[in-house]
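1. Output the structure for:
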Amino acid sequence: MRWLSGAETRQRIETVGIERHPADAFAFREAVVEPFAYDWHAHGSDQMLYAIRGSLQLETATARFLLPPQRAIWIPAGMRHRTWLGPVDSASVFFPAGSLGESGGGVRVVAVAPVMREMILYATRWPPDRPRPDELADAYFRALTLLCREWVAHEMPFRLPRSDHPGLARAMEYAQTHLADATLSGACRAAAMSERSLRRHFQGETGMSWQHYLSQSRMLAALALLAQPGPPLAEVADQLGFASLSAFSKAFRDFCGETPAAYRRRA
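-> Coordinates of the predicted model:
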């Protein structure tokens, strides 16, 4: 994974033309073969980012989001974030800041219905440097804005909390790097905190227990693993610390609403 510096991130955004566009709304498609990560940045426009194939991750000051294939993430203007991409094929649609009103105030991961997919892909015919005026493009993006207001109301739970507390951050990192065998006692050692203190602080700051955080981390990792050609489902279950394929399938179905096999076929 190549990490872009702040200057490299600004240069890449400048090259695409996101911040110097003449139109109110536009779109572009980005295919990444060699994985890389943008540094912290924010846009002056609202953004709907869609993962066509592959998956990516996005982090804000308070949460980490996974964007698996055929899902989209709404990023309001001014929201500082950084993203990990690749290999992934994605499309972004940019709208005037505040275009969704109160419903667009936070980062949201949403399911992508077939009509939404086609509209996002079709929008890429109008890149950042599209000419103005363009009556057809303006009408199209107005319609897409109205539909986005409906779509973002149905958020999906593909997020994890972040913390600036050093001990809690270490406990979170431990969970992410030991998905197969992480334990509460191991998290306490990583955080240099007692079990009672870790439980209390973790619940108080994130609104979930550390065990729930670990379970959520495993499910998000499963989404990313299943989105790529890879090992059999039983091996994925073992990699994520599940005692059996049936236990993994039940947890995945409860989280995602479909079986791992069905998700892999669709993704």
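2. For stretch 80-96, list the C-alpha coordinates in PDB.
-> C-alpha atoms of stretch 80-96 as PDB (Å, rounded to 0.1, in the frame of the first residue of the first chain):
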ATOM      1  CA  ARG A  80     -12.100  15.600   6.400                       C
ATOM      2  CA  HIS A  81     -11.400  12.000   5.500                       C
ATOM      3  CA  ARG A  82      -8.800   9.700   4.000                       C
ATOM      4  CA  THR A  83      -9.300   6.700   1.800                       C
ATOM      5  CA  TRP A  84      -7.600   3.400   1.100                       C
ATOM      6  CA  LEU A  85      -8.200   2.200  -2.500                       C
ATOM      7  CA  GLY A  86      -7.400  -0.700  -4.700                       C
ATOM      8  CA  PRO A  87      -7.600  -2.800  -6.500                       C
ATOM      9  CA  VAL A  88     -11.000  -1.100  -7.100                       C
ATOM     10  CA  ASP A  89     -13.100   0.400  -9.800                       C
ATOM     11  CA  SER A  90     -15.100   3.300  -8.500                       C
ATOM     12  CA  ALA A  91     -17.200   6.200  -9.600                       C
ATOM     13  CA  SER A  92     -17.800   9.500  -7.800                       C
ATOM     14  CA  VAL A  93     -20.600  12.000  -8.300                       C
ATOM     15  CA  PHE A  94     -20.100  15.500  -6.800                       C
ATOM     16  CA  PHE A  95     -23.000  17.800  -5.900                       C
ATOM     17  CA  PRO A  96     -23.200  21.400  -4.600                       C
END
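3. List the buried residues in it.
-> Of all the residues in stretch 80-96, those buried under the rule 16 or more other CB atoms under 10 Å are 81-86, 88-95. The C-beta positions use only the backbone N, C-alpha and C, and glycine is treated the same way.
4. Tabulate those residues (CSV), appending secondary structure, pLDDT and distance to Lys250.
-> Formatted as CSV, the buried residues of stretch 80-96 follow (DSSP: H, G, I helix; E, B strand; the rest coil; pLDDT from 0 to 100; distance: CB to CB, whole Å):
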residue, secondary structure, pLDDT, distance to Lys250
His81, strand, 97, 33
Arg82, strand, 95, 34
Thr83, strand, 95, 31
Trp84, strand, 91, 29
Leu85, strand, 90, 31
Gly86, coil, 79, 31
Val88, strand, 88, 29
Asp89, strand, 92, 31
Ser90, strand, 93, 31
Ala91, strand, 95, 34
Ser92, strand, 95, 35
Val93, strand, 96, 36
Phe94, strand, 95, 40
Phe95, strand, 94, 39
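5. can you put the residues you listed in CSV and add distance to Gly207?
-> Below are those laid out as CSV (distance: CB to CB, whole Å):
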residue, distance to Gly207
His81, 21
Arg82, 23
Thr83, 24
Trp84, 24
Leu85, 28
Gly86, 31
Val88, 30
Asp89, 34
Ser90, 30
Ala91, 32
Ser92, 30
Val93, 31
Phe94, 31
Phe95, 30
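6. which one among those gets closest to Gly204?
-> His81 (24.9 Å; CB to CB).
7. In contact with that closest one: list those residues for me.
-> Contact analysis of His81 by CB atoms under 8 Å, 6 or more residues apart in numbering lists Trp40, His41, Ala42, Leu58, Glu59, Thr60, Ile75, Val107.
8. try 6 Å this time
-> Leu58, Thr60 (CB atoms under 6 Å, 6 or more residues apart in numbering).
9. Report the beta-bridge partner residues of it.
-> Beta bridges link His81 to His41, judged by DSSP bridges.
10. Much appreciated, bye for now.
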